[in-house]
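Make a model of this:
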Amino acid sequence: MKQEQQKMAFDFTGKRVWVTGAGRGIGREVAAQFVAAGACVVGLDRDFPHAVYPYTIRALDIRDSQAVNACCAALLADGGLDVLVNGAGVLRLGPTEALSDSDWDDCIGVNASGVFYLLRALVPHFKGQQRGAIVTIGSNAAHVPRMQMAAYCASKAAVTSLTQTVGLELAPFGVRVNLVSPGSTDTEMLRGMLPDEGAMARTIAGLPTQFKLGIPLNKIATPREVANTVLFLASDLASHITLQDLVVDGGATLSA
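Numbers count the residues shown, from 1 in each chain. Model (predicted):
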């Protein structure tokens, strides 16, 4: 029944959707919800650790610009593209002086450069068909500083500005470009940072010593809640929305 209700709200029948970061976490949930809404989905990621996925999967390291170009050309020739979701992301934690070159390069490479490579390859396609939607999954960390997250915050701030700039360039062609910026979301990535329920509770309540004041809605987001927002911005329900950054964090950014 829930899936039937969602199809009524989000109808992507006949639409071709690509989702990066679809191997796990938010990207996996986004891709699955597009499938439930009738879309033909291609999930892209470096690896796919789960046994079964309800969509076509293809291995791609978005840090490799040549691989991105080849993948985009092949997939466009195979069926085109209506919606692109930039969902791939990595997190490297540590005080700034302790971050390695690899930590910095991983965050910038996946969270920012990889999105640039995809957009550079696909902007001509979107301009040519004069329709479509792009949604980048950013982070509320682009809006407020987070201790021990210098590389991650910088990469998410970069991709936020990049996405909005591309959105401005594509607006005259009828292509909408938006961001969804989650806060703490119950994924493998967050569980790696917060290994027990006590740590989850402290994050919700706030960590004053880290200048983090907590989540007013008093809960961690689920991947489904973030995915719902992505589908909304990609859908015809958001037909007059572009260049927006919708923060989905239970009010945490406002409280900061």
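
can you list contacts of stretch 235-248?
Residues external to stretch 235-248 that are found in contact with it (C-beta atoms under 8 Å, 6 or more residues apart in numbering): 9-12, 133, 138, 140, 142-143, 160, 164, 167-168, 171, 176-183, 221, 225-226, 229, 232-233, 253. C-beta here means a position set from N, CA and C on the backbone, and glycine is covered the same way.

buried sites along that stretch?
235, 238, 242-243, 245-248 (16 or more other C-beta atoms under 10 Å).

okay if I get these as TSV plus distance to Phe34?
Below are the buried residues of stretch 235-248 laid out as TSV (distance: C-beta to C-beta, whole Å):
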residue	distance to Phe34
Ser235	10
Ala238	15
Thr242	19
Leu243	22
Asp245	21
Leu246	17
Val247	22
Val248	17
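
pLDDT added to those residues, as a markdown table?
As requested, those are exported to a markdown table (pLDDT from 0 to 100):
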| residue | pLDDT |
| --- | --- |
| Ser235 | 97 |
| Ala238 | 97 |
| Thr242 | 98 |
| Leu243 | 98 |
| Asp245 | 97 |
| Leu246 | 96 |
| Val247 | 94 |
| Val248 | 92 |
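
Just flag the most distant two among those residues.
Spatial extent of those (C-beta to C-beta) is set by the pair Ser235 and Val247 at 18.9 Å.

Can you give me the distance of Thr222 to Ala37?
Separation of Thr222 from Ala37 (C-beta to C-beta, to the nearest Å) stands at 17 Å.

Settle it for me: which of these two has more neighbours?
Ala37 (22 against 14; other C-beta atoms under 10 Å).
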